[in-house]
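J.: the following block contains a protein sequence and its predicted model.
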2 protein chains.
Amino acid sequence: MPQQHRARVTREVILQAAAEEFDRVGYAGAPLSAILERGGLTKGAFYFHFSSKEALAEALVRAQDEAWPSVRREWLARRLDPLRTLVGIVNEVVGLLARDVVLRAGMRLVEEESAAPVGLPVPAWDWQRVFEDLLDEAMRCGQLRADADPCEAARVLRGAVMGARVISTTTSGCAEYPARMHEVWRYLLPGLAAPQWLAEWSSS
Amino acid sequence: MPQQHRARVTREVILQAAAEEFDRVGYAGAPLSAILERGGLTKGAFYFHFSSKEALAEALVRAQDEAWPSVRREWLARRLDPLRTLVGIVNEVVGLLARDVVLRAGMRLVEEESAAPVGLPVPAWDWQRVFEDLLDEAMRCGQLRADADPCEAARVLRGAVMGARVISTTTSGCAEYPARMHEVWRYLLPGLAAPQWLAEWSSS
């Protein structure tokens, strides 16, 4: 293997091993030694790529930050209505999180631990803003119930998406996250969408 | 202070200090030394009451387990309809969690970390069961939408309650948890409750 390629592969192995450990026991619960052991890595190999466990967390948060813009862009390019776009984006993200431990560990760091005073990086990607913008547009298009508030609804949706992740992780394993999200839509959309949109959505 | 009373107070100080640390940085993020420092406690005082940090976590999980049966019992005794009983129980629990760091730390241990393989105790109290029983009864009383499923709805509600806790903790502080829960009901009940129940609830 050429040296540059080998270095890139090693970096991936480190990120994967860290993600698996953080996904299993959280950031604070995973000592660097456990990550190295999982990846079959020497300290030398690790410190060639990362200066510390904090730097690893930063790379994982950055990895998930970098994954979402293209998902959003592709769904916007389909030119569906704003509420269908929102549902599509969330479902694709949930599917990616269910399959990809690197993204899932990054998301867990963002949701549960970046607010804790342990020096973890703050994510650049702002789901509240993304949800709120689409809900604002849905409101203007008459797709929301007249009494809905895009800011509140975005917050409730974020909480429900998070809660579904925690429930699928702690009970049945993250593979069921998409099924849990499907349930969330079933119970949340009637409080959010205008009856006509809902009737069309249910029949499609 | 009589010796027995002093011992009880010291135990409370230890639990309070541990709860504040776990609430701030999670179980794995809080070393025993930080808990002792926060409580102004010597190791001797600590080990008189608890054998380890794990034993502390067990006491916190037990404290929240013991808090919920009386909340449920009192709401059942009011003989409201099952859906109002459910809303009442959840709102009271959310209010207690917002005010009481010991309960909140116990709940965080239960929700986020008891499934992780770090040997934390499994809670005895089963919210899924409590929610599902009340939703089953609400279904029999015709208070739910005909297409609602009590098991699914209970899971979605649990996720939404959890998500609202995480969002209020990481953004505005747990004091806003009741306001976040109020939003959850606003968007979740239309997907859950029969139109007639909803109309009565909205006007009350």
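T.: Thanks, I have it. Numbering: from 1, shown residues only, chains lettered A, B, ... in the order given.
J.: ok, longest helix in chain A?
T.: Longest helix in chain A by number of residues (criterion: DSSP state H): helix A:53-77.
J.: need the contact partners of the helix or strand just after that one.
T.: Under the assignment DSSP states H and E, the closest C-terminal helix or strand after helix A:53-77 is helix A:82-99. Residues outside helix A:82-99 that contact it (C-beta atoms under 8 Å, 6 or more residues apart in numbering or on different chains): A:67-68, A:71-72, A:75-76, A:78, A:80, A:103-104, A:107, A:130-131, A:134-135, A:137-138, A:141, A:143-144, A:157, A:161, A:164-165, A:168, A:174-178, A:181, A:185, A:192-193, A:197, A:201. The C-beta positions use only the backbone N, C-alpha and C, and glycine is treated the same way.
J.: name the helices or strands packed onto whatever helix or strand comes next after helix A:82-99?
T.: On the C-terminal side of helix A:82-99, the closest following helix or strand by DSSP H and E is helix A:101-108. Contact here means 3 or more C-beta pairs under 8 Å, 6 or more residues apart in numbering or on different chains; DSSP states H and E; on that basis helix A:101-108 packs against helix A:3-25, helix A:53-77, helix A:82-99.
J.: so what touches helix A:101-108?
T.: Applying C-beta under 8 Å, 6+ apart, the contact partners of helix A:101-108 are A:15-16, A:18-20, A:22-23, A:26, A:60-65, A:67, A:96-98, A:165, A:174.
J.: out of the residues you listed, which are buried?
T.: A:15-16, A:18-20, A:22-23, A:26, A:60-61, A:63-65, A:67, A:96-98, A:165, A:174 (16 or more other C-beta atoms under 10 Å in any protein chain shown).
J.: quick one, what contacts residue A:22?
T.: A:30, A:57, A:60, A:105, A:108-109.
J.: list just the nearest of the residues you listed to chain B.
T.: Using C-beta to the nearest C-beta, residue A:30 is the member of the contacts of residue A:22 that lies nearest chain B, at 8.0 Å.
J.: how about that closest one: what's its closest non-neighbour residue?
T.: Counting by C-beta to C-beta, 6 or more residues apart in numbering or on different chains, residue A:30 lies nearest to residue A:21, which is 3.8 Å off, once chain neighbours are set aside.
J.: wait, that neighbour sits on residue A:33?
T.: No. Between residue A:21 and residue A:33 there is no contact under C-beta atoms under 8 Å: 10.2 Å.
J.: looking at the two, which is more packed in?
T.: residue A:21 (25 against 9; other C-beta atoms under 10 Å in any protein chain shown).
J.: and the gap between the more buried one and residue A:39?
T.: 9 Å (C-beta to C-beta, to the nearest Å).
J.: give me the buried subset of the contacts of helix A:82-99.
T.: A:67-68, A:71-72, A:75, A:103-104, A:107, A:130-131, A:134-135, A:137-138, A:143-144, A:157, A:161, A:164-165, A:168, A:174, A:176-178, A:181, A:185, A:192-193, A:197, A:201.
J.: give me the pLDDT for the residue most central in space within chain A.
T.: By C-alpha atoms, centre = their mean, the mean C-alpha position of chain A lies nearest to residue A:107, the distance being 4.6 Å. Residue A:107 is assigned 91 on the pLDDT scale.
J.: and it, how far from residue A:169?
T.: Taking C-beta to C-beta, one finds residue A:107 at 11 Å from residue A:169.
J.: and what of residue A:109?
T.: Counting by C-beta to C-beta - residue A:109 and residue A:169 are separated by 14 Å.
J.: what's the answer for residue A:42, then?
T.: Residue A:42 sits at a distance of 31 Å from residue A:169 (criterion: C-beta to C-beta).
J.: kindly report the same for residue A:82.
T.: Remark: distance between residue A:82 and residue A:169 (C-beta to C-beta) = 30 Å.
J.: between the two, which one's more packed in?
T.: Legend: neighbour count by other C-beta under 10 Å for residue A:82 and residue A:169, higher for residue A:169 (22 against 19).
J.: for residue A:155, what are its contacts?
T.: Neighbour list for residue A:155: A:128, B:167, B:180, B:183 [criterion: C-beta under 8 Å, 6+ apart].
J.: what's the helix or strand for the third one?
T.: Just to be clear, that refers to residue B:180. Applying DSSP H and E, one finds residue B:180 within helix B:177-188.
J.: what angle sits between that helix and helix A:177-188?
T.: Helix B:177-188 and helix A:177-188 are oriented at 80 degrees to each other (axes from the mean of the first three to the mean of the last three C-alpha atoms, to 10 degrees).
J.: is helix B:177-188 in proximity to chain A?
T.: Yes. Contact of helix B:177-188 with chain A (C-beta under 8 Å from any C-beta of the partner chain) involves B:180, B:183-184, B:186-188.
J.: so which of those residues comes closest to chain A?
T.: Nearest to chain A among the residues of helix B:177-188 next to chain A: residue B:187, at 3.9 Å, using C-beta to the nearest C-beta.
J.: look up the pLDDT of the nearest residue to the closest one once chain neighbours are set aside for me, please.
T.: In space, residue B:187 comes closest to residue A:191 once its chain neighbours are excluded; the distance is 3.9 Å by C-beta to C-beta, 6+ apart. Listed pLDDT for residue A:191 reads 96.
J.: again with residue A:167
T.: 89.
J.: what of residue A:175?
T.: You'll see residue A:175 listed with a pLDDT of 88.
J.: so who does it touch?
T.: Neighbouring residues of residue A:175 by C-beta under 8 Å, 6+ apart: A:98, A:168.
J.: same thing but 10 Å
T.: By C-beta atoms under 10 Å, 6 or more residues apart in numbering or on different chains, the contact set of residue A:175 is A:98-99, A:168.
J.: could you list the low-pLDDT ranges of chain A?
T.: A:1, A:113-119, A:172 (pLDDT under 70).
J.: let's go with 80 and repeat that
T.: Across chain A, the ranges flagged by pLDDT under 80 are A:1-2, A:112-121, A:170-173.
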